[in-house]
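>>> how would this look folded up:
(chains A and B)
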Amino acid sequence: MSEAVSILRGRVAAVLGGNIDTDIIYPGRYLNITDREKTAEHLFELAYPGIRPKMQPGDFIVAAANFGCGSSREQAAAALKFSGCGAVIAAGFARIFFRNSINLGLPAIVSPSAHAECNEGDELEIDLAAGVIRNLSRNLSIAAAPLDPRAIELIRSGGLIPYLKARYASAPAAG
Amino acid sequence: MTLAEKILARASGRSRVEPDEIVVAGVDLAMSHENADLVRKAFLEIGVPRVWDPGKIVIIFDHRIPAESEKTAATHKAVREFVEQQGIRHFYDVGRGGICHQVLADNGHVRPGMVVVGTDSHTTTHGAFGAFATGIGATEMAGVWVEGRLWFKVPSTIRIEVEGAFAPWVSAKDLILWIIGRLGAAGADYRAVEFDGSAIRRMTVASRMVLCNLSMEMGAKVAFTPVMEIAPDADAAYERTIHVNLDYDIPEPQVACPHSVDNVKPVSALPEVPVHQAVLGSCTNGRLEDLEAAAAILRGRRVHPRTRLIIIPASQRVFLDALRLGCIETLVEAGAIVNPPGCGPCVGVHQGILAAGEVCISSTNRNFIGRMGSKDSFVYLASPAVVAASAVAGRIIHPEIVMARENAHV
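Here you go, the predicted structure:
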């Protein structure tokens, strides 16, 4: 596995509370946008409009428990990814959001305490496989759950679509 | 084994499975609504020419019907063409179906023991028919369209045994809101939920669908109510068992207050909450028994002059049944407007969007910030009876107060 994928480095764009639902992440009114890149324009639009304009590539979103609860809308994970988000770190994820995130190649990292140990603007380094977050700004080591090797493999592939594309590229056309 | 374990064992070709194991299970039914367009794009990107089984895919338009914009019209058109080209057999276009979960039920698509995935979080509804049914995202569904299978982590199971009888004006919605209030919005995260007990076994199928549907709002992967064809083993291992007695625990209707589904209070504990809009519909509570409950309250009464009541039958079939039984006539005479069967304002797109400062009492499933319109609007979730009574009173109210008065505005 390449170093670039298993070690992430970036800045905390925002520290959010618990139960950040998919309507907060991506309002339902924009669900008819099916171009993934365009979903980024509406990230956190209603509840936290200040976050997106200051997002820089590789930035992290940090939150408390049950991030992404609610709808199965994949646009929630897509809007984060295409806003440049490098990873979401939360005390817990709702299951559909977690799967969507990994399937789009966006790391979703479980850390019970990161939301209490990070401030906006902090520089973090994350070791996905080891499950360690280092808060470089505050010189802290923060516990996290290691990401499942299958999830890391999907992230390394760039998500489920490229992964399946590679698997079926050499297969003869099925009837 | 629990129901979830039994079904996943069968679907993955194993004799038994344990919680936290990863299994790859064959999918028996793959359902999508308008987001079939996202699935279609991902499928085309993967580059496999044909879907795995055009007989096992069901596509139902419900989120934006009829098309409210040119953009949606283009999406609908693209999906129709894909359906045609791939020979997808079960497609419910505008006017032929309604809300996806009700349409699956109306047309007998789901059977006990099936593995059902849908690109809609409320796919848990189909546990009322004994299926392992759960929501997935669009990219993952594209993978299902290619391979016909999916990996699952076997969930541990929370068993909820419900005894006793419903008090007057208390229903399945109040029961599940009360449970979500106790367990919290993540209280069943990644878990299966098995409902059982004498109270559950007396419930209508429509009410059982309410329980399975809203279990999603406490994070459940799947939820089940009992069916005859498949049952958990007597020695099944549960993570925990919760006992509810309707007589003692839930003496009155429950309301989920803004802005989370687990912010649940008994209706009598609410302060005076005037409502601008009342919504009766959705995959949670838009079935015939829900419309009948509302009609029973609105018969001979009028919707409060400062309140609008929106009725949305869950499907064409429900709509037709309600028409024939006279419910729709009663509701319209009382001053309600009837939307076409579909998701309507529940998903915050059209047909009843809230302005800043407005309050809505709704029989739907989510009260998140901005869910039904302005980020400064407020959604309270309740049963059909509380919605109908509140529409009459112009404020959130216990139905018994409205019914105790002869007529007009309380």
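>>> touching, residue B:159 and residue B:238? I think so.
Yes - taking CB atoms under 8 Å as the definition, residue B:159 is a contact partner of residue B:238 at 4.5 Å. Backbone N, C-alpha and C define where each C-beta goes, glycine included.
>>> below-threshold pLDDT in chain A: ranges please.
A:1-5, A:170-175 (pLDDT under 70).
>>> the same query, at a cut-off of 50, please.
A:1-3, A:174-175 (pLDDT under 50).
>>> chain A contacts on the stretch 1-150 of chain B?
Within the stretch 1-150 of chain B, the positions near chain A by CB under 8 Å from any CB of the partner chain are B:22, B:34-35, B:37-38, B:41-42, B:45-50, B:63-64, B:69, B:71-72, B:75, B:118-121, B:123, B:135-140, B:142-143, B:146-147.
>>> out of these, which end up buried?
Buried subset of these (neighbour count, 16 or more other CB atoms under 10 Å in any protein chain shown): B:34-35, B:37-38, B:41-42, B:46, B:48, B:63-64, B:72, B:75, B:118-121, B:123, B:135-140, B:142-143, B:146-147.
>>> just the ones of the residues of the stretch 1-150 of chain B next to chain A in strands?
Among those, the members found in strands (DSSP state E) are B:22, B:118, B:135.
>>> now flag whichever of those residues is closest to chain A.
Nearest to chain A among these: residue B:135, at 4.1 Å, using CB to the nearest CB.
>>> now do the contacts for the closest one.
Contacts for residue B:135 (CB atoms under 8 Å, 6 or more residues apart in numbering or on different chains) come out as A:72, A:96, B:117, B:118, B:119, B:120, B:121, B:122, B:123, B:124, B:216.
>>> circling back to that earlier point, save the ones in strands among the residues of the stretch 1-150 of chain B next to chain A as CSV, and put in pLDDT too.
CSV is the format used below for those (pLDDT from 0 to 100):
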residue, pLDDT
B:22, 92
B:118, 98
B:135, 98
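>>> could you pull out the strands for the stretch 251-400 of chain B?
Using DSSP state E, counting those that start in this stretch, the strands of the stretch 251-400 of chain B run over B:254-256, B:264-266, B:277-280, B:308-311, B:337-338, B:359-362, B:378-381.
>>> do you know how far residue B:255 is from residue B:214?
Using CB to CB, to the nearest Å, residue B:255 is found at 14 Å from residue B:214.
>>> mutual contacts of those two, please.
Residues touching both residue B:255 and residue B:214 by CB under 8 Å, 6+ apart: residue B:177.
>>> skip the chain neighbours and tell me the closest residue to residue B:239.
Excluding the flanking residues, the one nearest residue B:239 by CB to CB, 6 or more residues apart in numbering or on different chains is residue B:156, at 4.1 Å.
>>> list the residues that contact that neighbour.
B:19, B:20, B:191, B:192, B:238, B:239.
>>> tally of neighbours for the third one?
Going back to what we said before, that points to residue B:191. For residue B:191, the count of nearby residues is 25 (other CB atoms under 10 Å in any protein chain shown).
>>> I'd say residue B:123 and residue B:134 touch.
Yes - look at residue B:123 against residue B:134 with CB under 8 Å: they come within range, at 5.6 Å.
>>> quick check: neighbours shared by the two?
By CB under 8 Å, 6+ apart, residue B:123 and residue B:134 have these common neighbours: B:116, B:117.
>>> for chain A, which segments count as helices?
In chain A, helices defined by DSSP state H lie at A:3-6, A:22-25, A:75-82, A:95-103, A:114-117, A:149-157, A:160-169, listed in chain order.
>>> list of residues touching the longest strand seen in chain A?
Secondary structure of chain A per DSSP E: the longest strand is strand A:7-15. The set of residues external to strand A:7-15 that reach it, using CB under 8 Å, 6+ apart, is A:48, A:51, A:54-56, A:58-63, A:85-87, A:107, A:115, A:118-128.
>>> report the buried members of these.
Neighbour-count burial (16+ other CB under 10 Å) applied to these gives A:51, A:55, A:59-63, A:85-87, A:107, A:115, A:118, A:122, A:124, A:126-128.
>>> residue B:228: how many residues sit nearby?
Residue B:228 is flanked by 7 other residues according to other CB under 10 Å.
>>> what about it, which helix or strand?
Using DSSP states H and E, residue B:228 sits within no helix or strand.
>>> that one: what's it in contact with?
Residue B:228 sits in contact with residue B:112, where contact means CB under 8 Å, 6+ apart.
>>> how near is it to chain A?
Applying CB to the nearest CB, to the nearest Å, the value for residue B:228 to chain A is 29 Å.
>>> show the pLDDT at that residue.
The model reports residue B:228 with a pLDDT of 97.
>>> picking up where we left off before, neighbour-wise, which of residue B:159 and residue B:238 wins?
Neighbour count, other CB under 10 Å: between residue B:159 and residue B:238, residue B:159 has more, with 21 against 16.
>>> check whether the one helix or strand that one maps to contacts chain A.
Assigned by DSSP H and E, residue B:159 belongs to strand B:157-163. No - Strand B:157-163 does not reach chain A (CB under 8 Å from any CB); its nearest approach is 14.5 Å.
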